[in-house]
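>>> whatever this is, show me its structure:
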Amino acid sequence: LLAAPALADTPESLMRGYAEQARTTSTSYAGPSPAAGRRLFHQQPRDWNCATCHTDQPVATGRHAITGKTIAPLSPVANPERFRDAAKVEKWFRRNCNDVLARECTPAEKADVLAWLMTVKP
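Purely as a prediction, here's the structure:
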């Protein structure tokens with residue numbers, strides 16, 4: 001079940017792996033949605049959202065809201081090194097989803113966010 005994303009080495013293959021996971025848990029899952037990914041990215045159920053650190057335009061350099069540390073652009077369109085290491089992707093999804101949503105993201109949400117990030121233009 002988790003093997004597909006673990007073998008992925010591109011944003012597209014990660015997205016496909018997460019989408020496949022989502023299909024195994026929900027027969028109604030229609031596939032990655034860039035619109036849903038954009039909504040999730042800007043959703044603010046707590047004190048901050050993804051855009052707080054990654055900016056409203058994830059093709060831009062961000063800054064961590066607490067530490068001030070510079071964050072390279074999140075979009076793989078602007079930063080080709082993004083989403084190339086499945087273990088790092090899982091680590092950061094887990095950490096950031098817990099910070100923003102107070103829970104882990106679902107495979108469908110991860111696929112949606114990746115689908116949107118791959119469409120964002122500089």
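>>> for the nearest residue to residue 29 once chain neighbours are set aside, give me its contacts.
Sequence neighbours aside, residue 22 is the residue nearest to residue 29 in space, at 4.5 Å (criterion: C-beta to C-beta, 6 or more residues apart in numbering). All C-beta spots, glycine's among them, are computed from the backbone N, C-alpha and C. By C-beta atoms under 8 Å, 6 or more residues apart in numbering, the contact list for residue 22 reads 29, 106, 107, 108, 111.
>>> try it again with 6 Å
29, 107, 108 (C-beta atoms under 6 Å, 6 or more residues apart in numbering).
>>> how far away is it from residue 72?
27 Å (C-beta to C-beta, to the nearest Å).
>>> go on, residue 9?
For residue 9 relative to residue 72 (C-beta to C-beta), the value is 18 Å.
>>> what do you get for residue 114?
For residue 114, the distance to residue 72 equals 16 Å [C-beta to C-beta].
>>> which one of those two is surrounded by more residues?
Legend: neighbour count by other C-beta atoms under 10 Å for residue 114 and residue 72, higher for residue 114 (26 against 12).
>>> please enumerate the helices of this structure.
Taking DSSP state H as the test, the helices found in the chain are 3-7, 11-25, 34-42, 50-54, 86-101, 107-117.
>>> these: lowest mean pLDDT?
With a mean of 50, helix 3-7 has the lowest mean pLDDT of the helices of the chain.
>>> could I get the buried residue list for stretch 107-122?
For stretch 107-122, the neighbour count (16 or more other C-beta atoms under 10 Å) marks 107-118, 120 as buried.
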